[in-house]
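>>> Here is a sequence with its predicted model. Questions after.
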Amino acid sequence: MSSPTRASELAQKLNLFFISLFLSIALLFFRKIENNIFILAQYLSLLILQLLLMNLKTSQKLLSTIRDFIFPITSVFVIFDSLTELIPAVNPRDIDQVLIKLDYLLFGTHPVLYFERFNSPLLADIFQLSYCTYYFMPVALGILLKIHKKEEAFQKGLFLILLCFYLSYIGYLLFPALGPRYAIPHLYQTELKGYIFYEKINYVLNALEGIKRDAFPSGHTGVTLVVLHLAFKYEKKLFYFLLPLTILMLISTVYCRYHYVVDLIGGVGLYFVTLLMGRMIVKAINNEQSGTEKQI
């Protein structure tokens with residue numbers, strides 16, 4: 001990618017590809033999906049809007065904000081929300097028992113149960129707040145890159161973050177898992193309780209996300225590592241600010257019973273796969289464009 005324009009086009013094309021992919025999956029499993037008409041309408045709406053944005057050639061600030069922030073966030077959220085119905089239709093066999101056994105094999109215990117000895121309302125509040133920082137890290141990076149007028153870096157970052165999100169969704173389809181808060185509640189001897197934040201945030205997250213089979217690989221881990229990677233490359237001060245938050249966030253995924261440790265290991269793998277695939281896609285497109293220029 002040699003210019004912000006090409007980078008922007010690549011991010012939009014990637015979004016279009018994955019919207020089309022999930023639309024195709026929904027059509028293939030249409031009869032098995034609950035609320036199939038609604039989900040199909042959502043995917044079609046995203047597809048049409050993305051095509052419109054790709055064909056509107058203007059530098060207006062409002063359109064740029066919609067194209068670079070509002071629509072990508074909307075696409076990621078809408079497709080994630082649809083996974084509640086899509087995953088059971090595509091792959092109804094959860095792999096929680098496999099993940100639980102792997103955790104035990106690696107650590108000689110269940111890490112999520114080990115954390116029970118540290119249960120306290122203060123820690124529950126701290127880690128629940130830390131868990132939520134994941135939702136703001138990509139946006140914070142994007143805003144800073146825009147403020148510092150690093151447009152090409154912004155577009156490259158948008159491309160990689162979108163790729164990581166969508167690869168994690170493919171992972172949920174292939175390896176559906178509820179996570180320890182739903183799969184092994186009978187093993188817990190204590191209930192997580194906070195002073196102020198834990199119950200309120202947990203209630204909001206449960207209301208927004210519903211019960212999804214989105215434990216493996218950990219998107220929290222993969223996406224956050226991609227954001228850290230980009231921050232280290234383009235915004236060093238932000239990197240040093242995000243680093244301790246990331247450590248707390250990763251611990252929180254296990255402490256708050258959202259993930260097995262194996263999920264986090266899968267999230268690290270997701271990070272590396274995202275970087276590898278991103279470079280391969282960019283290289284292939286650059287080679288194609290170079291070949292076209294030579295032919296002309």
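Ah, there it is.
>>> Quick check: the gap between the closest residue to Ile251 other than its chain neighbours and Leu242.
Excluding the flanking residues, the one nearest Ile251 by C-beta to C-beta, 6 or more residues apart in numbering is Phe127, at 6.6 Å. (Each C-beta comes from the backbone N, C-alpha and C, glycine too.) Applying C-beta to C-beta, to the nearest Å, one obtains 17 Å for the distance of Phe127 from Leu242.
>>> quick one, helices of the stretch 51-200 of the chain?
With helices called from DSSP state H, counting those that start in this stretch, the stretch 51-200 of the chain shows them at 61-65, 71-90, 96-107, 111-114, 121-132, 137-147, 151-174, 180-183, 198-209.
>>> which helices and strands sit right next to the first one?
Contacts of helix 61-65 with other secondary structure elements, assessed using 3 or more C-beta pairs under 8 Å, 6 or more residues apart in numbering; DSSP states H and E, are absent: no helix or strand is involved.
>>> Show me what that helix is in contact with.
Leu53, Leu56 (C-beta atoms under 8 Å, 6 or more residues apart in numbering).
>>> I'd like the average pLDDT over it.
Helix 61-65 shows a mean pLDDT of 85.
>>> mean confidence score for the helix ranked longest in the chain?
Determined from DSSP state H, the single longest helix within the chain is helix 261-295. What helix 261-295 shows for mean pLDDT is 83.
>>> Then stretch 97-110?
Averaging pLDDT along stretch 97-110 gives 94.
>>> Stretch 223-232 too?
98.
>>> can I get the helices of the stretch 51-200 of the chain in a markdown table with mean neighbour count and distance to Asn287?
As requested, the helices of the stretch 51-200 of the chain are exported to a markdown table (neighbours: other C-beta atoms under 10 Å; distance: least, C-beta to C-beta, whole Å):
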| stretch | mean neighbour count | distance to Asn287 |
| --- | --- | --- |
| helix 61-65 | 11 | 29 |
| helix 71-90 | 19 | 26 |
| helix 96-107 | 16 | 39 |
| helix 111-114 | 18 | 44 |
| helix 121-132 | 19 | 41 |
| helix 137-147 | 18 | 27 |
| helix 151-174 | 22 | 17 |
| helix 180-183 | 20 | 45 |
| helix 198-209 | 14 | 40 |
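>>> closest one to Phe272 among those?
Within the helices of the stretch 51-200 of the chain, the stretch nearest Phe272 is helix 151-174; the backing value is 10.6 Å (C-beta to C-beta).
>>> what's that closest one packed up against?
Secondary-structure packing of helix 151-174 (3+ C-beta pairs under 8 Å, 6+ apart): helix 4-28, helix 71-90, helix 137-147, helix 219-234, helix 261-295.
>>> so the residue nearest to Ile251 makes contact with Val254?
No. Between Phe127 and Val254 there is no contact, the gap being 9.1 Å when judged by C-beta atoms under 8 Å.
>>> how close does Ser75 sit to Gln97?
Distance, Ser75 to Gln97, using C-beta to C-beta: 33 Å.
>>> Equivalent analysis for Thr65, please.
Between Thr65 and Gln97 the distance is 45 Å, computed by C-beta to C-beta.
>>> got it, and Ser168?
Ser168 is 21 Å from Gln97, by C-beta to C-beta.
>>> Same check on Glu151?
Taking C-beta to C-beta, one finds Glu151 at 47 Å from Gln97.
>>> again with Thr224
Separation of Thr224 from Gln97 (C-beta to C-beta): 27 Å.
>>> same deal with Ala89?
Ala89 sits at a distance of 21 Å from Gln97 (criterion: C-beta to C-beta).
>>> Distance-wise, check Val262 relative to Gln155.
34 Å.
>>> for Tyr234, same thing?
According to C-beta to C-beta, Tyr234 stands 11 Å off from Gln155.
>>> Repeat that for Val139.
In terms of C-beta to C-beta, Val139 sits 15 Å off from Gln155.
>>> Switch the helices of the stretch 51-200 of the chain over to CSV; also include distance to Leu230.
Listed next are the helices of the stretch 51-200 of the chain as CSV, based on distance: least, C-beta to C-beta, whole Å:
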stretch, distance to Leu230
helix 61-65, 20
helix 71-90, 15
helix 96-107, 29
helix 111-114, 29
helix 121-132, 20
helix 137-147, 6
helix 151-174, 5
helix 180-183, 30
helix 198-209, 25
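>>> Among the ones you listed, which comes closest to Lys32?
In terms of C-beta to C-beta, the element of these nearest to Lys32 is helix 71-90, at 3.9 Å.
>>> Now do the closest one against helix 219-234, angle only.
Helix 71-90 and helix 219-234 are oriented at 150 degrees to each other (axes from the mean of the first three to the mean of the last three C-alpha atoms, to 10 degrees).
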